[in-house]
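> Sequence first, predicted coordinates after that:
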Amino acid sequence: MKKLAILGSTGSIGHSTLSICESFPDRYQVISLAAGSNIDVAYAQCLRWRPKVISLATEQLAATLKTRLKAADISNIEVLHGTAGSIHVATLPEVNFVVSAIVGVAGLEATYAAVCAGKTIGLANKECLVAAGELIIAAAKKHNVALLPIDSEHNAVHQCMRGGTPQEVKQIWLTASGGPFRNTPLPDFDHITPQQALKHPTWVMGQRITIDSATMMNKGFEVIEACRLFNLPPKQVRVTIHPQSTVHSLVEFVDGSILAQISVTDMRLPILYALAYPERVPSEGKVDLTFDLTTLSQLDFSVPDLTRFPCLRLAFEAAENGGRSCIALNAADEIAVAAFLEGRIPFMGIPRTIETVLQLTAGQPPASISEVLDADLAARQQAREVIAPQFTGVGR
Ligand code: NAD
Ligand code: MG
């Protein structure tokens with residue numbers, strides 16, 4: 001029996017993870033949950049899963065949840081809050097598998113604590129690998145912890161890697177759907193609205209990752225995530241536009257063979273793979289993850305256009321530059337995406353903001369998680385300063 005802590009239980013990945021737990025009650029037990037501010041969903045999850053501990057983002061939210069649980073006569077769920085709360089959730093002695101699916105660097109400290117506590121990690125939170133990848137990978141090696149990717153591309157690469165040794169890998173290919181603006185002409189990019197950008201053609205996900213997919217920053221983060229997870233330099237990580245999202249990624253070996261992973265576009269499959277690893281669990285009859293190969297008529301692959309998707313170029317540059325560039329890339333993107341969703345900057349204001357912040361970023365690679373968080377805060381502040389004059393109409 002695997003005993004789970006789910007960080008980000010009320011989000012899209014959190015829901016899919018709980019759906020797998022629902023389908024395989026004999027294999028996966030929910031021990032603890034951490035979430036942000038969606039109190040209704042958190043309450044419903046307490047009623048359904050009866051976790052030992054749940055943590056919410058703030059003290060006030062935790063107090064409200066405690067009151068609601070008390071009114072329902074439930075007294076055996078410990079309710080915590082903040083970073084200390086999510087760290088507690090992730091490091092409970094009886095937990096042996098942590099699903100890391102809080103969005104953004106808010107999930108970093110709990111994920112790092114889980115690695116240091118020797119828990120196996122199912123990693124969805126790519127931002128923590130972008131910001132603190134070297135530290136997390138070093139800690140995972142030190143504590144002999146498996147980092148099992150849930151992000152579908154890296155999950156696919158992980159599966160294909162079983163076909164050879166790391167030394168036999170020539171390069172990996174991450175597939176990208178290209179998002180909703182794959183065919184939009186460049187002059188139209190500045191008129192893209194949040195509503196248009198929030199409609200992803202093939203995946204249903206949280207808001208930030210959906211916008212990151214529309215700018216292709218998501219793929220940029222995934223390039224950095226792949227470099228860290230598979231110990232490859234950026235030049236051995238390639239991106240190909242594959243609108244069908246059927247091939248989830250590919251590994252090219254030195255002899256010329258290319259292995260691809262094909263499956264449904266349903267995150268429950270990579271979640272199940274990570275939870276079951278190193279086994280493969282039969283899904284038929286429990287959860288419908290079958291892919292009907294007979295319906296497949298076409299697979300397209302093309303080169304991404306870095307003029308229309310500068311975020312992808314910026315991510316490759318940050319990966320090459322190292323230091324604090326990747327932290328700034330992620331932090332500036334988070335602020336810029338929020339500003340775009342609030343109607344404060346146009347769509348192309350996202351890469352413009354990030355590029356300016358990257359130009360202002362210098363410094364050695366961080367030596368600790370607290371240095372990562374300091375650099376993250378500094379980059380956020382710079383991003384806000386870059387955005388402010390755009391908002392008032394000055395400097396655009
Ligand atoms: P989401 O926005 O749907 O959910 C985010 C979760 O994080 C929610 O439970 C929210 O309450 C929680 N959260 C936010 N701030 C918090 C805080 N301060 N403290 C505690 N919890 C907090 O996002 P998602 O789509 O589920 O994505 C989660 C992560 O997985 C992201 O890093 C994303 O890049 C990655 N990912 C998602 C998908 C997908 O299909 N959704 C695919 C690959 C990778
Ligand atoms: Mg992905």
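Okay, I see it. Residues are numbered from 1 along each chain as shown. Ligands and ions are numbered 1, 2, ... in the order given.

> For the stretch 151-300 of the chain, list the residues in contact with ligand 1, please.
151, 203, 205-206, 209, 267 (C-beta under 6 Å from any ligand atom). C-beta: built from backbone N, CA, C; applies to glycine.

> Assign Ile345 to helix, strand or coil.
coil (DSSP: H, G, I helix; E, B strand; the rest coil).

> can you pull the contacts of the nearest residue to it once chain neighbours are set aside?
Distances taken as C-beta to C-beta, 6 or more residues apart in numbering put Ala339 closest to Ile345, at 4.7 Å, once the chain neighbours are dropped. Neighbour list for Ala339: 345, 349, 353, 387, 391 [criterion: C-beta atoms under 8 Å, 6 or more residues apart in numbering].

> same deal with Val357?
Neighbouring residues of Val357 by C-beta under 8 Å, 6+ apart: 328, 331-332, 379, 382-383, 386.

> before we move on, back to that, between all of the residues of the stretch 151-300 of the chain next to ligand 1, which two are separated the most?
The largest separation in these, counting by C-beta to C-beta, is between Asp151 and Gly206 at 12.8 Å.

> before we move on, the earlier item: what helix or strand is the residue nearest to Ile345 located in?
Using DSSP states H and E, Ala339 sits within helix 325-341.

> Check Ile6 too.
Here Ile6 is assigned to strand 2-7, by DSSP H and E.

> residues in contact with that strand?
Contacts of strand 2-7 (C-beta under 8 Å, 6+ apart): 14, 17-18, 21, 27-34, 86, 89-90, 92, 94-102, 107, 110-111, 114, 119, 125, 275.

> Excluding residues flanking it in the chain, which one is nearest the residue of the stretch 201-350 of the chain found nearest ligand 1?
Nearest to ligand 1, among the residues of the stretch 201-350 of the chain, is Gly206, at 2.6 Å (C-beta to the nearest ligand atom). In space, and not counting its chain neighbours, Gly206 is closest to Ser12: 4.9 Å by C-beta to C-beta, 6+ apart.

> My guess is Phe301 contacts Arg238. True?
No. Contact criterion C-beta atoms under 8 Å: Phe301 and Arg238 do not qualify, at 10.6 Å.

> Which of those two has more residues huddled nearby?
A count of neighbours by other C-beta atoms under 10 Å puts Arg238 above the other of Phe301 and Arg238, at 16 against 13.

> Sticking with that one, tell me its helix or strand.
Using DSSP H and E, Arg238 falls in strand 237-241.

> which parts of the protein sit against ligand 2?
Contact residues (C-beta under 5 Å from the ion) of the chain with ligand 2: 151-153.

> and if we set it to 6 Å?
151-153, 222 (C-beta under 6 Å from the ion).

> For these, work out which two are farthest apart.
Among those, Ser152 and Glu222 lie farthest apart (C-beta to C-beta), at 9.4 Å.

> Compare the two (neighbour count), which wins?
Glu222 (30 against 25).

> Could you check the angle the helix or strand that that one is a member of makes with helix 325-341?
Following DSSP H and E, one finds Glu222 within helix 217-230. For helix 217-230 against helix 325-341, the angle by axes from the mean of the first three to the mean of the last three C-alpha atoms, to 10 degrees is 150 degrees.

> Now helix 217-230 - C-alpha only, CSV.
Output of helix 217-230 as CSV, limited to C-alpha atoms (Å, rounded to 0.1, in the frame of the first residue of the first chain):
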residue,chain,number,x,y,z
MET,A,217,6.7,29.2,-21.7
ASN,A,218,5.4,26.0,-20.4
LYS,A,219,7.5,24.2,-23.0
GLY,A,220,10.5,26.4,-22.0
PHE,A,221,10.1,25.3,-18.4
GLU,A,222,9.8,21.7,-19.5
VAL,A,223,13.1,22.1,-21.4
ILE,A,224,14.8,23.2,-18.1
GLU,A,225,12.9,20.5,-16.2
ALA,A,226,14.2,17.8,-18.7
CYS,A,227,17.8,19.1,-18.4
ARG,A,228,17.6,18.6,-14.6
LEU,A,229,15.7,15.4,-14.5
PHE,A,230,17.7,13.6,-17.2
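
> Go ahead and measure how far that helix is from the middle of the chain.
Here the centre of helix 217-230 is set off from its chain's centre by 10 Å, with C-alpha atoms, centre = their mean, to the nearest Å.

> What ranges does the stretch 51-200 of the chain have for its strands?
53-56, 78-81, 97-100, 120-123, 147-149, 169-176 (DSSP state E, counting those that start in this stretch).

> Kind regards, and thank you for your time.
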